[in-house]
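Asker: Give me a 3D structure for the following:
(chains A and B, ligands or ions: 2)
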Number of protein chains: 2
Amino acid sequence: MANHVAGPEIEKLIKLLARLPGLGQRSARRVALHLIKNKDQLLIPLSDAMATAVDKIQVCETCGNVDSANPCTICTDARRDPSLLVVVEDVSDLWALERASVLNAAYHVLGGTLSPLDGIGPDDLNIGGLLARTDKGEIKEIILAVNATVEGQTTAHYITDQLQAQAKQASVINPDFQPIKISQLAHGVPIGGELDYLDEGTLLQAMRSRKEFS
Amino acid sequence: MANHVAGPEIEKLIKLLARLPGLGQRSARRVALHLIKNKDQLLIPLSDAMATAVDKIQVCETCGNVDSANPCTICTDARRDPSLLVVVEDVSDLWALERASVLNAAYHVLGGTLSPLDGIGPDDLNIGGLLARTDKGEIKEIILAVNATVEGQTTAHYITDQLQAQAKQASVINPDFQPIKISQLAHGVPIGGELDYLDEGTLLQAMRSRKEFS
Ligand SMILES: [Zn+2]
Ligand SMILES: [Zn+2]
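Answerer: Ligands and ions are numbered 1, 2, ... in the order given. Down below sits the predicted model:
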């Protein structure tokens, strides 16, 4: 009885809302009621925005960002420097760097980090796509903007190895080949911290004092 | 730039999500990204559930509950005692009492409390609807399950006065008229507390030891 007091439609709405990050059963009920009470101002616009998201939002085949355009707004932005590529773990990190307005670069979203314990290997991340992009020769510098976690650092080292192997092959074919400059965010990023939780000043500082791999 | 990096559709979704109770700008971004990443499992079902809510959810004209049926599931539930009416401030309080399975009664949702400072008077609440229901003679007992706040208590006293005036008039016409028994939740409800935040045991206790107005 208690579970069906509000009718199956509201119960279903509450159940789905409770699966959102940061919401529990109780807050999901509050959100559902707030939506129902503010039908015109909130429920209808949000319902429409979600329907639009269902129809339009896609993953950019170039960089892994999410957008209504594919290639995404960032990939087609002519004001960005196409020779500078920032590699991030997740779209949320891309958003965090963009909010900090750190630099006008292109991005590459890996979609996670290497984590052997969780069975996540190189093929589970968008590393092949990264090497395909660097293979074209336009990219001159890569900033590995990964989290300062063990997995992030492991992933950064793996990518560095792959890029250096690619550069070695390229220099065999073309002796004048200039290897891509690879750097990583400075340790202004707190150890164990995640980019998405940092303030913009810290991100800016970390980006400015990024250190090159020797 | 930073505000439009994700495209207007995602920005709009984030902006609307940030207006939900308990969500800020940052958590709205997390929720939006979580929805986009879990399109089939979460975004599409939630979008559908919201569209259904837009179409179907309405306010019950009898009691003020929200439901896909009007009169609502509770008002048409034949297993409930129609002579016992529980008056609550808000639908969330109705849900809280139902979760506690306190009793098998009908409800009446006031839609708020008297609050002269906020300009909320009797006409802004569903008190007229309550008196219309009690006027029919079927209701024998009313439990004023209002919050233990100054506004809640003021509202309870106002309703009690109105019901007693109604009973006085009725007894002029019919000398055998039996006045409605009016009680209020016992002070197991913490002073200043709101029903929706209480555990079910406390609600049950407060309901059992409810005290009658002298
Ligand atoms: Zn892109
Ligand atoms: Zn009803």
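Asker: Could you report the neighbour count for A:Glu151?
Answerer: Here the number of neighbours of A:Glu151 (other CB atoms under 10 Å in any protein chain shown) works out to 18. The C-beta positions use only the backbone N, C-alpha and C, and glycine is treated the same way.
Asker: Buried residues, the helix or strand where it lies. List them.
Answerer: Per DSSP states H and E, A:Glu151 falls inside helix A:150-173. Counting neighbours by 16 or more other CB atoms under 10 Å in any protein chain shown, one finds that the buried residues in helix A:150-173 are A:Glu151, A:Gly152, A:Gln153, A:Thr155, A:Ala156, A:Tyr158, A:Ile159, A:Gln162, A:Leu163, A:Gln166, A:Ala167, A:Ala170.
Asker: what pLDDT does the fifth one get?
Answerer: Okay, so that is A:Ala156. Residue-level confidence at A:Ala156 comes out at 93, pLDDT.
Asker: Show me the domain layout of chain A.
Answerer: Segmentation of chain A into domains, based on automatic domain parsing, reads A:36-78, A:84-187.
Asker: The shortest one - what's its average pLDDT?
Answerer: For domain A:36-78, the mean per-residue pLDDT is 94.
Asker: From the opening residue of that domain to its closing one, how far?
Answerer: 43 Å (CA to CA, to the nearest Å).
Asker: That one close to ligand 1?
Answerer: Yes - under the criterion of CB under 5 Å from the ion, domain A:36-78 makes contact with ligand 1 via A:Cys60, A:Thr62, A:Cys63, A:Asn65, A:Pro71, A:Cys72, A:Cys75.
Asker: Can you list the helices and strands that the strand or helix carrying A:Val87 packs against?
Answerer: Assigned by DSSP H and E, A:Val87 falls within strand A:81-88. Counting contacts by 3 or more CB pairs under 8 Å, 6 or more residues apart in numbering or on different chains; DSSP states H and E, strand A:81-88 is packed against helix A:91-99, strand A:105-109, helix A:127-134, strand A:141-144.
Asker: Out of these, flag the one nearest ligand 1.
Answerer: Ligand 1 lies closest to strand A:105-109 among these, at 6.9 Å (CB to the ion).
Asker: Need the residues that contact the closest one.
Answerer: Contacts with strand A:105-109, where a contact means CB atoms under 8 Å, 6 or more residues apart in numbering or on different chains, come from A:63-65, A:74-75, A:80-82, A:84-91, A:93-94, A:97, A:126, A:129-130, A:133, A:139, A:143.
Asker: Does that strand reach ligand 1?
Answerer: No - contact of strand A:105-109 with ligand 1 (CB under 5 Å from the ion) is absent, the minimum separation being 6.9 Å.
Asker: angle of that strand against strand A:81-88?
Answerer: 30 degrees (axes from the mean of the first three to the mean of the last three CA atoms, to 10 degrees).
Asker: What is the neighbour count of A:Asp77?
Answerer: Quick note: A:Asp77 (other CB under 10 Å) scores 14 neighbours.
Asker: Give the helix, strand or coil label for it.
Answerer: On the three-state scheme (DSSP: H, G, I helix; E, B strand; the rest coil), A:Asp77 is labelled coil.
Asker: A:Val88 versus that one, what's the distance?
Answerer: 16 Å (CB to CB, to the nearest Å).
Asker: Tell me which other helices or strands whichever helix or strand comes after the helix holding A:Glu151 touches.
Answerer: Stepping forward along the backbone from helix A:150-173, the first helix or strand reached (DSSP H and E) is strand A:181-184. In terms of contacts (3+ CB pairs under 8 Å, 6+ apart), strand A:181-184 is packed against strand A:141-144, helix A:150-173, strand A:211-212.
Asker: re the thing from before, can I have the buried ones of the contacts of strand A:105-109 as a ChimeraX selection?
Answerer: The ChimeraX selection below is limited to those of these classed as buried (16+ other CB under 10 Å):
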select /A:63,64,65,74,75,80,84,85,86,87,88,89,90,91,93,94,97,126,129,130,133,139,143
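Asker: can you pull the contacts of the residue lying closest to A:Ala49 once chain neighbours are set aside?
Answerer: In space, A:Ala49 comes closest to B:Leu13 once its chain neighbours are excluded; the distance is 4.5 Å by CB to CB, 6 or more residues apart in numbering or on different chains. Neighbouring residues of B:Leu13 by CB under 8 Å, 6+ apart: A:Leu46, A:Ala49, A:Met50, A:Thr52, A:Ala53, B:Ala32, B:Leu35.
Asker: So which of those residues belong to helices?
Answerer: Cross-referencing the contacts of B:Leu13 against helices under DSSP state H gives A:Leu46, A:Ala49, A:Met50, A:Thr52, A:Ala53, B:Ala32, B:Leu35.
Asker: TSV please, covering those residues and showing neighbour count and distance to ligand 2.
Answerer: As requested, the ones in helices among the contacts of B:Leu13 are arranged in TSV below (neighbours: other CB atoms under 10 Å in any protein chain shown; distance: CB to the ion, whole Å):
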residue	neighbour count	distance to ligand 2
A:Leu46	23	26
A:Ala49	22	31
A:Met50	23	29
A:Thr52	17	34
A:Ala53	22	34
B:Ala32	29	35
B:Leu35	25	32
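Asker: Using CSV, lay out those residues together with distance to B:Leu185.
Answerer: Conversion of the ones in helices among the contacts of B:Leu13 to CSV gives the following (distance: CB to CB, whole Å):
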residue, distance to B:Leu185
A:Leu46, 35
A:Ala49, 40
A:Met50, 39
A:Thr52, 45
A:Ala53, 43
B:Ala32, 40
B:Leu35, 39
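Asker: would you list the domains of chain A in TSV and tack on distance to B:Gly192?
Answerer: Listed next are the domains of chain A as TSV, based on distance: least, CB to CB, whole Å:
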stretch	distance to B:Gly192
domain A:36-78	23
domain A:84-187	39
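Asker: What residues sit buried inside the helix or strand that contains A:Leu13?
Answerer: If you go by DSSP H and E, A:Leu13 is part of helix A:7-17. Of all the residues in helix A:7-17, those buried under the rule 16+ other CB under 10 Å are A:Gly7, A:Glu9, A:Ile10, A:Glu11, A:Lys12, A:Leu13, A:Ile14, A:Lys15, A:Leu16, A:Leu17.
Asker: Now do the same contact list for A:Tyr158.
Answerer: Remark: with contacts taken as CB under 8 Å, 6+ apart, A:Tyr158 is in contact with A:Leu114, A:Pro122, A:Ile127.
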